[in-house]
Every structure is written in C-alpha cells, then in structure tokens.
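Trainee: no FASTA, just this:
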C-alpha cells in the first residue's frame with residue numbers, strides 16, 4: 001500500500017474534474033480525497049501501487065471534455081489507512097493561479113434535455129452542466145464555487161440540490177445549476193421598462209417581434225446583443241442608423257450548421273469551430289451561387305464583403321430563439337458606436353432605449369462583459385481576431401517566468417485588452433474595444449480591477465505603451481506602480497513569440513496601422529530583431545507624411561497623397577491629377593494639402609504598412625473615406641479574388657543612408673509609380689491589389705534573406721489579412737525560413753497587452 005499527492009494545474013475547475021477523480025478512485029478501489037485549490041485541483045489517493053499508477057494515467061487520458069491539463073505532479077507521502085474516497089470543500093490557502101474556464105457553449109446532453117417535453121428542464125433557457133454554460137461571465141472570486149458566482153442568490157430546489165450533491169451526476173458541483181423551479185427567468189420589457197411578458201411567453205413574443213421587423217435587445221451570456229431579422233433590409237438599415245454603424249459588417253446567428261452551409265463555403269475545421277464549446281463567430285467565404293429558397297441575408301448585413309461572420313446558438317436561450325425564428329438573425333453587440341457592451345438590464349434600458357424596440361432580459365447577473373470571439377481559418381488552423389467568449393481568460397504559459405513577480409499590462413488604445421502575469425502565466429481579459437469614450441475608459445479600469453481582484457494580485461510593476469496620449473498609458477502613469485514602457489511593435493512581436501514559445505533570436509515583422517516609435521514618428525511597417533531583452537530595428541517601410549494626422553486614418557485619400565508626394569515630389573499634383581484621391585478634393589484643398597506635405601505641418605511621418613494599404617486602396621479607386629477602421633485595407637484584400645497569376649510590383653531594399661547605416665529601407669516608391677501607370681491604363685483593381693500584396697511578400701523575403709535570421713514572427717493587424725499571411729508563410733518556407741504567426745492571441749492590438757507582459761518580464765529578468 002502507498003499514498004500519493006497529485007497536483008493538477010490548468011483548466012480543471014468547473015469542468016467536472018473532481019467527480020472525474022472520484023469515479024476513477026472508485027473504479028480503482030482507492031481511498032483519499034479531492035479538492036479544488038488555489039492553483040487547480042489537489043488529490044490524495046491511497047491503495048495498491050499499480051492502482052495509483054493507473055489512476056494517475058487515467059486522470060489525463062480520460063479527462064472531462066472541457067478540461068485542459070497544463071501540469072500534473074505526483075509526490076509520494078505516508079499512508080494513512082484511509083479506505084473511502086471523498087470530495088472535499090475547496091482549499092483557499094496559497095497563491096491563486098488556477099485557470100479560469102471560459103464560458104462554454106451548450107453541450108449536446110443539455111440541448112437534448114431542453115428539447116425533451118418529458119424532461120423537467122423542457123424549454124428552460126438556462127440549462128447547463130459541468131460540460132457547458134457560464135463560467136467567466138458569472139465568476140466573482142476564486143476558487144470556482146457557487147458562493148463565488150452571481151448564481152449565489154438562487155437557492156437550488158431539492159431536485160437540483162440532489163444533482164449537485166451526487167458525484168455520479170454530470171451536474172455534480174455544476175455551479176450555475178438551476179431549473180425552472182429555482183433558477184433565473186426571462187422577461188420581455190418595452191423601451192420604458194414595463195414588463196410585457198414573462199418566461200416562455202416572453203421568448204415567444206420576442207420572436208414574434210423579430211419576425212415583425214423589430215429590433216430586440218437580448219441579454220445573453222456576457223452582455224446584450226441587438227437582434228434583427230437578417231433578411232429584412234429595412235430592419236437592418238434601421239439598426240445601422242440607430243447604432244451609428246454605417247458599413248461595418250454585422251455578425252449573423254444561424255439556426256444550425258445546415259443553414260450556414262446554404263450561404264457559405266464551410267471547411268471541416270470551420271465547421272468544427274462553429275460547433276465547438278468555443279462557438280466563435282467564424283469568418284466564412286460566401287457561396288458564389290445560392291440555391292433557391294435559401295434564407296439570404298440583406299445586402300446591408302455585410303456591404304461589399306465576400307465573407308459573412310457566422311455563429312451558431314451557444315446558449316439555451318439562443319437555441320430556443322433560433323428554433324422559433326428558423327432564419328438567420330443579426331446578433332451584434334448592444335452598444336452605440338465606440339461604447340462598451342451593455343451587461344445590466346437597467347443600464348441597457350438607459351443606454352439603448354432609442355436603439356431597441358424591446359428588451360428580452362433575465363435576472364442572472366453578469367459579472368463582467370464578455371464579447372463574442374471572432375476567428376478565421378488560415379493555413380489550416382484557427383486565427384483568433386477578437387478574443388472573448390469561449391477563449392478568454394484562459395492563460396498563456398510563459399516559459400522561464402515562473403518566478404517572475406506579478407505584472408499588469410494595460411494594452412493599447414484600440415481593440416484593447418489588459419493582461420496579468422501571475423505564477424508563470426499571462427491571463428488576459430476579454431476584448432474591451434477602443435478607449436475613446438468615458439464609458440469605454442471606465443470599462444477598462446473596471447477590467448483592471450476585476451483581473452487583479454480575481455487573482456488577489458498586487459502587481460510589482462505595470463507595462464504600458466509608449467504613446468503618451470493612450471488612455472491605457474495614462475492609467476499606468478497614474479497607478480503609482482513602477483512603469484515598464486514597451487514600444488508598440490516590440491509588444492506585437494513579443495506576443496507572437498510568447499504564444500509560440502520562442503526565446504529568440506527572432507526577426508519580427510510587425511505591420512499595422514500606427515504605433516508610437518522610439519524616434520517620435522509613427523511606426524507601422526517594422527522589422528525588429530528580438531533576442532532576450534534586446535531589440536534592434538533592422539528595417540522598416542519607407543516613411544511618408546499623413547496630411548491632417550488623425551484624419552488620414554479615416555480618409556485613405558490623404559494617405560494616398562502622402563505616398564504620391566513621397567514618390568513624385570512637388571510634381572505629384574500634375575503626375576496624379578486624374579486619379580481618384582486627387583479628384584475627391586477641390587483645387588483649393590489640393591493646394592492646402594500640398595503645402596502641408598511640403599512644410600511637414602500637421603503631416604506626421606509614418607512607416608505604417610496599414611496606411612500604405614489605405615493609400616493603394618485609394619489609388620485603385622476602391623475607397624477614399626472609411627466609416628470603420630481597416631475598411632480600405634479589407635476592400636483591397638477582397639478584390640484579390642478577381643485576379644490570378646499577377647506578378648509582384650517592384651520594391652527596392654536600400655540602406656538607411658549613404659554610409660550604409662541601419663536600418664534598411666523597404667522602398668515602395670517604384671511600386672507606387674507602377675500602380676499609378678496601371679490605374680491610368682485601366683488595369684482592374686483586383687490585379688492592382690494582387691500585385692501590391694505580392695510586392696509586400698517579396699519585400700519580407702528580401703529583408704529575411706539580408707538579415708539571415710532563420711525564424712520570423714509575423715504579427716500586427718495587417719496579418720489578419722489571409723492572403724498576406726498565407727503568401728508570406730509560403731514564400732518564407734520556400735526560401736528555407738521558419739515562420740511563426742498567431743493562433744489564439746490576436747495579431748492586432750488585442751494582443752498588445754500579452755506582448756507587454758512578456759517583454760516586461762524579460763526586461764525585469766535581465767536586470
């Protein structure tokens with residue numbers, strides 16, 4: 001006889017791991033106990049040596065479907081003669097580091113029960129078990145126990161309590177466990193907050209309203225969605241007008257995978273993601289031809305896009321609503337433009353009474369906003385573009401940082417997240433969005449407090465961006481903690497390295513819109529060599545001016561004038577007077593803009609790849625003014641499908657100055673001159689887009705060859721572009737390089753806080 005202490009770390013709380021251990025111990029006739037603890041699950045087992053070995057092996061091999069084991073440690077201890085096996089209450093001593101499980105989509109067993117007229121949970125919109133349901137969105141403290149969730153106010157009825165207390169039941173210690181007799185309930189409100197209907201009648205009347213063109217605000221798992229019938233052009237247009245969202249594509253919820261396949265091409269991995277416990281929004285290619293009778297969404301859902309953002313129902317409430325509707329519905333974040341998502345029904349009523357016609361609410365409180373995740377499949381694997389429900393806040397292990405002190409990272413300004421380095425892992429909040437409004441900044445500060453409170457962490461330092469005007473930087477400056485400023489693109493590369501377990505040397509290709517550079521200019525087309533805690537700027541795109549500064553972000557035509565001026569000098573007005581960007585300005589405006597460029601007045605210098613995308617989109621006549629971030633670059637990417645076999649435009653790689661000093665300059669001026677020629681000659685926009693993308697790929701290969709660094713990290717918002725990422729990886733591999741890119745950490749600014757935490761840890765380790 002012997003006894004062993006088994007420590008299991010990872011996503012092992014809230015997934016049925018304790019009953020899993022109980023069942024295995026019973027099967028192998030072992031005594032002992034299991035308990036949640038600060039860093040995961042702690043088990044002591046006693047019995048025959050071979051039975052203990054089999055038990056430990058089965059913990060991993062037969063783990064619950066949603067469990068993820070990061071580490072499993074076994075230590076021999078003295079036997080105690082303990083014959084039975086018990087499930088004990090949670091242990092609260094020690095440093096909190098247990099992985100918080102994301103919210104999980106409804107499992108098949110719960111869905112079957114909910115649709116079974118004989119089951120006591122028939123049509124109950126809050127059905128869940130240890131395999132599915134809310135986790136992160138209801139958690140208020142660790143360890144994960146019911147008393148530490150927003151379900152603590154709902155006392156379980158005898159039937160639910162019996163399930164909760166039975167280790168053989170899949171609802172054993174399912175913390176949100178409830179039923180119609182004791183759990184949360186629905187209500188339908190009008191825009192004044194008057195109750196119109198309750199329980200299933202509320203759901204039925206909400207579905208009727210959606211069929212009758214209404215906009216319904218639906219309280220879901222991590223916040224409210226605004227729903228409309230996706231087929232109804234008038235309803236979609238009315239939603240756009242009220243929400244203040246002119247063109248940006250809306251996501252759609254479909255009744256099932258078959259309905260998605262009617263409209264979109266769905267590869268096996270895309271289908272797997274749609275039906276997974278993550279249940280993200282997946283960007284899918286539209287079918288070229290749709291069969292008659294298909295529920296085709298209105299053109300206003302995703303204007304001009306060859307893709308649709310599709311998701312399947314992921315809560316019982318969504319399943320029931322879609323079952324009633326039977327057609328795709330727009331289900332977009334319930335907020336006005338630039339505001340955070342609403343999570344409380346009274347707050348939603350106040351903020352959205354002029355947007356939504358009706359409010360389908362429930363009385364289960366939401367602890368924090370959790371947006372839907374957005375992914376696309378590139379190179380045969382998922383690429384998370386927005387990390388929220390289903391993914392956040394699962395931690396990223398950081399090699400070599402187990403002894404690092406707790407660190408806070410505040411992220412950037414757009415697509416922001418906050419991260420906390422604790423016990424060798426980086427825990428990142430759900431997507432917070434842009435920090436341009438007071439409401440958004442308040443949500444950001446709440447997220448910082450929320451994350452540090454959950455882990456009872458006292459950060460020793462705070463990492464932040466260099467940009468002095470970012471709200472996240474200003475928060476760090478006012479925190480009273482020692483600051484570790486991290487340059488924006490260094491953070492991008494560090495995030496990619498951390499996700500891929502790289503320590504360097506790595507050549508990072510960090511391409512995005514703009515980030516504050518160490519020289520005071522706006523960077524965005526960077527080649528950075530990272531090794532240990534050292535960084536060197538190896539190369540960058542040729543710089544150009546942005547007349548009007550921030551206005552150039554919304555007006556690609558201004559970026560186009562900047563690249564034309566850089567390519568043709570003072571002659572640019574004559575050389576390109578017939579092109580769309582110049583034609584969009586009046587003669588007096590042209591003269592003012594020319595003076596701004598010549599004098600450098602309110603026309604900052606940038607090496608931005610994102611603004612270069614904007615400029616080429618404007619030159620090709622695709623987009624002169626944008627209504628949302630990245631619109632011009634996306635439209636340029638979309639047009640590539642119209643061209644095949646187009647060669648790369650010419651791009652030169654030159655030394656930084658006449659003495660050959662670093663960094664090297666990727667000179668795109670020859671390309672711009674050729675594009676001007678081709679546009680005048682009537683070359684289609686798709687061919688221009690394809691030649692431009694291939695030119696950028698060849699520029700990356702040229703820098704990689706000259707730098708002679710075998711491993712490259714591809715990061716930044718530009719690498720959300722599927723064509724750019726796929727072609728770059730293909731060409732680098734052809735030339736013998738080893739490219740790395742993102743998977744679950746977004747390549748855009750949603751990953752900045754991860755990189756800040758990783759780089760700050762490396763810097764502090766090197767001191």
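Mentor: Yep, that arrived. Owing to the predicted nature of the structure, the values given are computational and were not obtained by experimental measurement. Numbering: from 1, shown residues only.
Trainee: Can you list the low-confidence ranges for the stretch 301-450 of the chain?
Mentor: By pLDDT under 70, the low-scoring segments of the stretch 301-450 of the chain are 400-403.
Trainee: quick one, helices of it?
Mentor: Under the criterion DSSP state H, counting those that start in this stretch, the stretch 301-450 of the chain contains helices at 316-325, 345-352, 438-454.
Trainee: Redo those helices as CSV? Include distance to residue 753.
Mentor: (C-beta placed from N, C-alpha, C; glycine too.) Listed next are those as CSV, based on distance: least, Cβ to Cβ, whole Å:
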stretch, distance to residue 753
helix 316-325, 30
helix 345-352, 25
helix 438-454, 10
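Trainee: Show the residue spans covered by the helices in the stretch 451-600 of the chain.
Mentor: Taking DSSP H, counting those that start in this stretch as the test, the helices found in the stretch 451-600 of the chain are 471-477, 488-499, 551-554, 556-568, 572-575, 580-583, 587-599.
Trainee: Show me the shaky parts of this protein.
Mentor: Scanning the chain for pLDDT under 70 picks out 93-98, 400-403, 642-643, 656-661, 767.
Trainee: neighbours of the nearest residue to residue 49 once chain neighbours are set aside, just the number please.
Mentor: Of all residues not flanking residue 49 in the chain, residue 2 sits nearest, at 5.4 Å (Cβ to Cβ, 6 or more residues apart in numbering). Per other Cβ atoms under 10 Å, the neighbour tally for residue 2 reads 14.
Trainee: Which of the helices of the stretch 451-600 of the chain sits closest to residue 277?
Mentor: Residue 277 lies closest, by Cβ to Cβ, to one member of the helices of the stretch 451-600 of the chain: helix 488-499, at 20.5 Å.
Trainee: same for that closest one, what does it pack against?
Mentor: Packed against helix 488-499 by the contact rule (3 or more Cβ pairs under 8 Å, 6 or more residues apart in numbering; DSSP states H and E) you find strand 506-516, strand 522-531, strand 711-715, helix 752-766.
Trainee: That one: how far from the chain's middle?
Mentor: When distances are taken as Cα atoms, centre = their mean, to the nearest Å, helix 488-499 is centred 15 Å away from the chain's centroid.
Trainee: What of stretch 520-535?
Mentor: Chain-centre distance of stretch 520-535: 23 Å, with Cα atoms, centre = their mean.
Trainee: Then stretch 305-323?
Mentor: Put simply, stretch 305-323 sits 18 Å off its chain's centre (Cα atoms, centre = their mean).
Trainee: try stretch 586-606
Mentor: Chain-centre distance of stretch 586-606: 37 Å, with Cα atoms, centre = their mean.
Trainee: can you check stretch 12-20 too?
Mentor: 26 Å.
Trainee: Buried deepest among the helices of the stretch 451-600 of the chain, which one?
Mentor: Comparing these by mean neighbour count (mean count of other Cβ atoms under 10 Å), helix 488-499 comes out on top with a mean of 29.
Trainee: still on that earlier bit, can you pull the contacts of the residue nearest to residue 49?
Mentor: Listed by Cβ atoms under 8 Å, 6 or more residues apart in numbering, the contact set of residue 2 reads 46-49, 52, 76, 79.
Trainee: For residue 719, grab phi and psi.
Mentor: The phi/psi pair for residue 719 (degrees, to the nearest 10) reads phi -90, psi 20.
Trainee: can you tell me how far it sits from residue 432?
Mentor: According to Cβ to Cβ, to the nearest Å, residue 719 stands 21 Å off from residue 432.
Trainee: Tell me where the stretch 351-500 of the chain has strands.
Mentor: With DSSP state E, counting those that start in this stretch as the criterion, the stretch 351-500 of the chain has strands at 358-362, 374-378, 381-386, 396-397, 407-409, 419-422, 425-428, 461-465, 483-486.
Trainee: Next, format the helices and strands packed on helix 488-499 as TSV and append mean neighbour count and distance to residue 131.
Mentor: Formatted as TSV, the helices and strands packed on helix 488-499 follow (neighbours: other Cβ atoms under 10 Å; distance: least, Cβ to Cβ, whole Å):
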stretch	mean neighbour count	distance to residue 131
strand 506-516	27	38
strand 522-531	24	40
strand 711-715	26	34
helix 752-766	26	28
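Trainee: Quick one: closest of these to residue 187.
Mentor: Comparing the helices and strands packed on helix 488-499 under Cβ to Cβ, the one sitting nearest is helix 752-766, at 37.1 Å.
Trainee: my guess is residue 713 meets residue 741, correct?
Mentor: Yes - the pair residue 713 and residue 741 passes the contact test of Cβ atoms under 8 Å, sitting 7.4 Å apart.
Trainee: Show me the common contact partners of the two, please.
Mentor: Taking Cβ under 8 Å, 6+ apart as the contact rule, residue 713 and residue 741 both touch residue 496.
Trainee: What residues sit buried inside the longest helix along the chain?
Mentor: Taking DSSP state H as the criterion, the chain has its longest helix at helix 685-707. Buried positions in helix 685-707, judged by neighbour count with 16 or more other Cβ atoms under 10 Å: 685-704, 707.
Trainee: same question, stretch 47-66
Mentor: Across stretch 47-66, burial judged by 16+ other Cβ under 10 Å covers 47, 51-52, 54-56, 58-59, 63-64, 66.
Trainee: and what of stretch 193-204?
Mentor: Result for stretch 193-204 [16+ other Cβ under 10 Å]: buried residues 196-197, 199-200, 202-203.
Trainee: Can you get me the start-to-end distance on it?
Mentor: End-to-end distance of stretch 193-204 (Cα to Cα, to the nearest Å): 18 Å.
Trainee: same question, stretch 367-382
Mentor: 28 Å.
Trainee: Buried residues in that stretch, which are they?
Mentor: Residues 367-378, 382 are the ones in stretch 367-382 that count as buried (16+ other Cβ under 10 Å).
Trainee: and these, which two are the farthest apart?
Mentor: Farthest apart among these by Cβ to Cβ are 367 and 378. That separation is 32.9 Å.
Trainee: Surely residue 653 is in a strand?
Mentor: Yes - assessed by DSSP: H, G, I helix; E, B strand; the rest coil, residue 653 belongs to a strand.
Trainee: tell me the contacts of it?
Mentor: Contacts of residue 653 by Cβ under 8 Å, 6+ apart are 539, 664-667, 699, 702-703, 706.
Trainee: Setting aside sequence neighbours, what's the nearest residue to residue 616?
Mentor: residue 692 (5.0 Å).
Trainee: May I have the secondary structure class of residue 666?
Mentor: With three-state DSSP as the basis, residue 666 sits in strand.
Trainee: Assess the claim that it and residue 511 are in contact.
Mentor: No - assessed by Cβ under 8 Å, residue 666 is found out of contact with residue 511, at 10.6 Å.
Trainee: so what's in contact with the two at the same time?
Mentor: residue 525.
Trainee: Nearest to residue 673, out of the helices of the stretch 451-600 of the chain?
Mentor: Closest approach to residue 673 among the helices of the stretch 451-600 of the chain (Cβ to Cβ): helix 556-568, 5.7 Å.
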